[in-house]
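1. Sequence plus predicted model, see below.
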Amino acid sequence: MTRGILLLLLASRPLGSAERLRVFPVAQVFSRLASWMSLASPRLATLAGPLGSAEPTFDHSAWARVLARFVRAGRVDYAGLAHSRRDLDAYLALLGRAQASNLPPREQLAFWINAYNACVVAGVLRSWPVRSVREAPEFFRRPRCQVAGKTRALDELVQDIIRPTFKDARALLALAPGTRGGPPLASVPYAGAQLEAALDTQARAYLAAPVGAKVRGSVVRLSALFNWYADDFVRAAGTVPAFVARYRTLPAQPHIEYLDYDWSLNVRD
């Protein structure tokens with residue numbers, strides 16, 4: 001097998017002009033092709049998977065850098081991020097012009113979860129400094145975040161897209177709403193290929209934390225999220241306790257109560 005491939009370079013000369021056949025290594029050809037795709041169409045580059053990949057993916061690398069630098073144990077260094085927004089702004093720009101409908105279903109769900117979480121962080125910074133998202137007027141209801149070609153509210157992402165489209169109750173435990181009472185912000189982006197395992201891991205982590213669940217004897221006190229979205233958890237497992245029992249041990253006949261929700265900001269101490 002030859003170690004290179006033949007390319008006839010015509011793009012830079014008029015048709016009919018004399019041109020030599022040049023031999024390039026295969027890796028160099030693919031590298032140049034990827035660069036051309038990125039310059040020719042940002043949307044195509046954003047939604048293109050790795051060479052040889054059967055399905056398109058979305059580029060969450062800028063969000064990964066934000067999480068790695070500013071998030072620890074689910075809490076966010078908003079003060080630091082406010083002074084170093086480059087990666088966050090780059091990611092928000094990608095979200096704004098994305099065509100999420102071109103992605104496979106699990107990649108779509110990962111996209112919308114990441115979009116929600118990034119929009120929450122951006123929303124906090126918009127009102128920074130604050131002690132709670134409740135200090136920001138209509139934090140969840142006012143359309144402020146550009147995602148997939150439309151300015152959207154956080155509630156829209158949850159109520160109109162994530163819940164009715166994907167019907168995966170675990171996704172509700174992956175949405176970090178900027179509060180200490182809610183699920184923690186994951187330290188890496190969600191991705192379609194690892195989504196099943198990541199959602200299970202996130203559910204276990206939240207239910208192992210005191211803000212997610214407390215068990216004392218037969219009394220099980222759960223986050224208010226399990227009350228607010230009870231229909232989703234019942235649809236997933238038959239009852240709310242049955243869903244919770246998938247991720248932590250419960251007494252045989254649990255008496256369910258709900259915790260007061262902590263609305264204070266999920267800021268790093």
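-> Structure's in. What do you need? Numbers count the residues shown, from 1 in each chain.
2. And Y206, how far from R221?
-> 14 Å (CB to CB, to the nearest Å). All C-beta atoms are positioned from the backbone trio N, CA, C, and that covers glycine.
3. And those two? Which one has more around it.
-> Y206 (24 against 16; other CB atoms under 10 Å).
4. measure the more buried one to P183 for me?
-> With distances defined as CB to CB, the gap from Y206 to P183 amounts to 5 Å.
5. anything in contact with each of the two?
-> Each of L173, G212 lies in contact with both Y206 and P183 under the rule CB atoms under 8 Å, 6 or more residues apart in numbering.
6. what does the helix or strand harbouring L94 contact?
-> For L94, the element it lies in under DSSP states H and E is helix 86-97. Counting by CB under 8 Å, 6+ apart, the neighbours of helix 86-97 from elsewhere in the structure are 42-43, 46, 58-60, 62-63, 65-66, 69, 81, 115, 118-119, 121-122, 125, 145-149.
7. Can you tell me the closest non-neighbouring residue to the most centrally placed residue in the chain?
-> The C-alpha lying nearest the average C-alpha coordinate of the chain belongs to N114 (CA atoms, centre = their mean; 1.4 Å). What sits nearest to N114 in space, not counting adjacent residues and going by CB to CB, 6 or more residues apart in numbering, is P189, at 5.1 Å.
8. Identify each buried residue in the helix holding L94, please.
-> Of the residues in helix 86-97, those buried by neighbour count under the rule 16 or more other CB atoms under 10 Å are D87, L88, A90, Y91, L92, L94, L95.
9. Save those as JSON lines, and put in distance to N227 and pLDDT too.
-> As requested, the buried residues of helix 86-97 are exported to JSON lines (distance: CB to CB, whole Å; pLDDT from 0 to 100):
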{"residue": "D87", "distance to N227": "36", "pLDDT": "98"}
{"residue": "L88", "distance to N227": "32", "pLDDT": "98"}
{"residue": "A90", "distance to N227": "38", "pLDDT": "98"}
{"residue": "Y91", "distance to N227": "33", "pLDDT": "98"}
{"residue": "L92", "distance to N227": "32", "pLDDT": "98"}
{"residue": "L94", "distance to N227": "35", "pLDDT": "98"}
{"residue": "L95", "distance to N227": "30", "pLDDT": "98"}
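10. ok now stretch 56-76, how far from the chain's centre?
-> Mean-position distance between stretch 56-76 and its chain equals 9 Å (CA atoms, centre = their mean, to the nearest Å).
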